[in-house]
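*Asks:* How does the following fold in three dimensions:
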Amino acid sequence: MADITLLNRNIHKTFEWLRDIENNTQWEYEDKARALDILRVVLHELRDNLMLNDLAHFSAQLPTVIKGILFEGWNPNHSLRKEGEFAESIKAHLPQVYVEGTDINQAIKSLFLTINKNIDKNEFEKLRKILLKGIRLLFING
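*Replies:* Just a heads-up that it's a prediction; the model follows:
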């Protein structure tokens, strides 16, 4: 029974993250599917911009379900992205139906706000400092 309780808590926490993303982007209506796609795509880009040790520290802060999303399809042999590719890669991987109606930079910022709200502040600050300058500029200090 304890495992079910833990799973329920993680699913509930995931929905809280999605609700935060929706609220931070200030969409006209709730769209959990779009929030989930943004969560997935931005986490994957963030993951692909972190060194292995930094990724391990970051992922340890995440709820289990979100950690699963982070590592979905992960190739540990990836090469780090170059400056300026972050938002463009998110656009390329986001379903086309969302690209036209979504301010990509605002969507990225909304996830960073959600991360900031939900992980240890020192870990968030370390994460912010190790990323490329162009990505760091999208972080919001909450």
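*Asks:* Buried residues, the longest helix along the chain. List them.
*Replies:* In the chain, with assignment by DSSP state H, the single longest helix is helix 2-25. Buried residues in helix 2-25, defined by neighbour count with 16 or more other CB atoms under 10 Å: 10, 13-14, 17-18, 20-22, 24-25. All C-beta atoms are positioned from the backbone trio N, CA, C, and that covers glycine.
*Asks:* Packing partners of that helix?
*Replies:* Counting contacts by 3 or more CB pairs under 8 Å, 6 or more residues apart in numbering; DSSP states H and E, helix 2-25 packs against helix 32-47, helix 64-71, helix 104-118.
*Asks:* Farthest pair within the buried residues of helix 2-25?
*Replies:* Within the buried residues of helix 2-25, Asn10 and Thr25 form the most distant pair, 23.0 Å apart (CB to CB).
*Asks:* So which residue is dead centre in the protein?
*Replies:* Centroid-nearest residue in the chain, with CA atoms, centre = their mean: Leu43, separated by 3.6 Å.
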